[in-house]
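J.: Here's a sequence, model it:
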Amino acid sequence: MRHDTLPELDELNRLIEMGGSHVTPQSAGSVQVGARRYELMAVTLGASAPELPAVAFIGGVHGLERIGTQVVLTYLASLVQRLKWDSLLHHELTRLRLVFMPLVNPGGLWLGTRANPRGVDLMRNAPVVARESVPFLVGGQRLSAALPWYRGPAGAPMEPEGTALCQLISTELLPRPFSLVVDCHSGFGTEDRIWFPFAHTREPIQHLAEVHALRRIFDQTQAHHPYVFEPQSLQYLTHGDLWDHLYLQARHRHPNQVFVPLTLEMGSWMWVKKNPRQLFSRHGIFNPLITHRQARVLRRHLGMLDFMARATSSHERWMPTGDERDLHHRQALARWYPEHPRPRRGKRPAP
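T.: Predicted structure coming up:
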């Protein structure tokens, strides 16, 4: 589905203008799509001090999944409007950095493709190789750019869109004592899922206790929420996952910091079930096509995104330490990794 212009880019520019001095836009590069050149735009709000936490909201990694970009823009629009009157938001922004990159793959959005204009799936393009077998094609392939889930040529540098995203996260988030990402996608199953790494191995991440504690306070404060919280590896493994790559970089470069990348995988089959005619539209498989259903989806996730911002700002109040961290780690293994060896009581997992 092509547009003469990108409505989402127009909306981002409108929000930048509305945000005025509260909003700082930055270009992370640009990409050429035929005769068009699109900026890879990011927006920041709030405190810049490096000792303060930061949260990033990402969309449009897969151009076909426009709803992910629209969810991020809707949350940004809510914040821009609240800046006019919400004293609590202004106070929160004195101790929190907010980062937005709603259109990581503008060329894919314009073309209506999952991949970027060179046919590369950005979520299979990072230099991470799965340690175990991956599903055919879906796990990433180097057969042809004409097939989906193409990883790009072996040995080639990362695509410019993925490089721009990694540079933004590496600069804005990884050096901070605590940072969190929500990357918005659609197209998997009949439930909304919140995934955390890893995708290249079934081994648990080193911050499993922190993820479990985050899930616990989410369950306690977001009554009757629709999300399934789990590692991506419970569903399938892939090569080249961007968030695995960035998490591994964070562990190598900033071993004393906590970086929690999450992926919102909206269950687009729910929309198809309610409107089976969407099966006949490639766009409809990944996005709600009926106006009132799209509005409902955009409203549905605002509370979760706002929770993640508040949890990041208040991370010192809920992050487990000592024996409590050990308990969260063991509970997380029991919940998500029942086949994984449990640590002996008293032997604490490495932070």
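J.: where's Thr24, which helix or strand?
T.: strand 23-33 (DSSP states H and E).
J.: Using the three-state scheme, assign Glu265.
T.: In terms of secondary structure, Glu265 is strand; the call rests on DSSP: H, G, I helix; E, B strand; the rest coil.
J.: Quick one: mean pLDDT over stretch 314-329.
T.: Average pLDDT, stretch 314-329: 98.
J.: Next, the buried residues of that stretch.
T.: Ser314, His315, Met319, Pro320, Arg325, Asp326, His328, His329 (16 or more other CB atoms under 10 Å). Any C-beta I mention is one placed from the backbone N, CA and C, and that applies to glycine too.
J.: between those residues, which is nearest Val120?
T.: Taking CB to CB as the measure, Val120 lies nearest His315 of those, at 34.5 Å.
J.: Might one say that that closest one is in contact with Val55?
T.: No. Using CB atoms under 8 Å, His315 makes no contact with Val55, being 9.8 Å away.
J.: Run me through the strand neighbours of the strand holding Thr24, direction for each.
T.: Applying DSSP bridges, strand 23-33 is found paired with strand 36-46 (antiparallel).
J.: Which residues outside the strand holding Thr24 are in contact with it?
T.: Strand 23-33 is contacted by residues 15-16, 37-45, 80, 101, 106-107, 110-111, 116-117, 160-161, 163-165, 167-168 when judged by CB atoms under 8 Å, 6 or more residues apart in numbering.
J.: Buried ones among those?
T.: Buried by 16+ other CB under 10 Å: 15-16, 38-45, 80, 101, 106-107, 110-111, 116-117, 160-161, 163-165, 168, out of the contacts of strand 23-33.
J.: which SSE is Leu15 in?
T.: Going by DSSP H and E, Leu15 is in helix 7-19.
J.: now the angle from that helix to strand 23-33?
T.: Between helix 7-19 and strand 23-33, the angle comes out at 160 degrees (axes from the mean of the first three to the mean of the last three CA atoms, to 10 degrees).
J.: Just the CA trace of helix 7-19, in CSV.
T.: C-alpha atoms of helix 7-19 as CSV (Å, rounded to 0.1, in the frame of the first residue of the first chain):
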residue,chain,number,x,y,z
PRO,A,7,1.2,10.3,6.6
GLU,A,8,3.1,9.0,9.6
LEU,A,9,6.1,11.2,8.8
ASP,A,10,3.8,14.2,8.4
GLU,A,11,2.3,13.4,11.8
LEU,A,12,5.7,13.2,13.4
ASN,A,13,6.7,16.6,12.0
ARG,A,14,3.4,18.0,13.2
LEU,A,15,4.1,16.7,16.8
ILE,A,16,7.6,18.1,16.7
GLU,A,17,6.2,21.5,15.9
MET,A,18,3.5,21.2,18.5
GLY,A,19,6.0,20.1,21.2
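J.: Name the residues of that helix that come out as buried.
T.: Buried-residue list, helix 7-19, by 16+ other CB under 10 Å: Glu8, Leu9, Glu11, Leu12, Leu15, Ile16, Gly19.
J.: State the mean pLDDT of that helix.
T.: Here helix 7-19 scores 96 as its mean pLDDT.
J.: can you list contacts of that helix?
T.: 23, 25, 38, 41, 43, 45, 60, 66, 69-70, 73, 76-77, 80, 83, 102-103, 106, 109.
J.: Check stretch 157-166 too.
T.: Residues contacting stretch 157-166 (CB under 8 Å, 6+ apart): 28-29, 31, 40, 58, 61, 101, 104-105, 107, 116, 118, 120, 122, 125-127, 152, 242, 245-246, 249.
J.: Which ones among these map onto helices?
T.: The helices, defined by DSSP state H, take in Gly107, Leu242, His245, Leu246, Gln249 from the contacts of stretch 157-166.
J.: Which of those sits closest to Ser87?
T.: So of the ones in helices among the contacts of stretch 157-166, ranked by how close each gets to Ser87 (CB to CB), first place is Leu246, at 34.1 Å.
J.: give the contact list for the nearest residue to the closest one once chain neighbours are set aside.
T.: Leaving aside its sequence neighbours, Leu246 sits nearest to Ile169 (CB to CB, 6 or more residues apart in numbering; 5.5 Å). By CB under 8 Å, 6+ apart, Ile169 lies in contact with Ala56, Val181, Leu246.
J.: If anything else comes up later, I'll come back, but that's it for now.
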